[in-house]
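The sequence and its predicted three-dimensional model are supplied below.
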Amino acid sequence: MTRRLVNDYLQPPKVSAKMELAQTRFAETREAMETAMHVRDSHELMRALEAASIMDCADMAAAASLYRTESRWGLYHNRVEYPGKDNENWFCHTILTKGPDGVPAHRKQPVAPYVVDIAEDEKDAYDKQRVGASVAAE
């Protein structure tokens with residue numbers, strides 16, 4: 001069930017309403033897992049822990065995607081509401097952690113200077129080799 005939630009709500013293109021709904025479903029599922037799940041042996045315990053870990057990762061992925069209000073990396077992070085790349089605000093690393101309250105916490109970290117100089121016309125080479133969003137939507 002956990003993987004189905006991920007496939008239903010978090011696959012690109014990413015839509016804010018779907019990701020927010022995913023987080024609601026994750027919370028409901030997590031609560032149900034904590035109150036209703038019982039394990040009879042070590043195999044079932046391993047499966048329950050795996051499901052909980054997948055749920056945590058999916059919740060963190062949704063939080064990270066909601067935080068980053070731009071599209072980048074081709075289809076991997078294609079936000080419907082934010083179709084363009086925004087280097088002014090998002091040419092950075094986004095650091096995601098789980099806060100003490102269990103809620104994802106975010107922060108930006110500057111990208112370190114390149115060790116090897118890259119020519120200006122090569123800095124967007126990745127974007128030039130990918131299928132554009134208009135083609136991918138067809």
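That came through fine.

Can you pull up the most central residue in the chain?
Ala61 (2.8 Å; C-alpha atoms, centre = their mean).

Quick check: nearest residue in space to it, chain neighbours excluded?
Leu10 (6.0 Å; C-beta to C-beta, 6 or more residues apart in numbering). Yep, even glycine has a C-beta here, placed from its N, CA and C like the rest.

one step back: list the helices and strands whichever helix or strand the residue nearest to the centre of the chain is part of packs on?
Here Ala61 sits within helix 42-67, counting by DSSP states H and E. On a contact count with 3 or more C-beta pairs under 8 Å, 6 or more residues apart in numbering; DSSP states H and E, helix 42-67 meets helix 2-9, helix 16-36, strand 92-98, strand 104-110.

which parts of the first one are buried?
Along helix 2-9, these residues count as buried under the neighbour rule (16 or more other C-beta atoms under 10 Å): Thr2, Leu5, Val6, Tyr9.

shouldn't the second one be in contact with Glu28?
No. Applying C-beta atoms under 8 Å as the test, Leu5 and Glu28 come out as separate, 9.9 Å apart.
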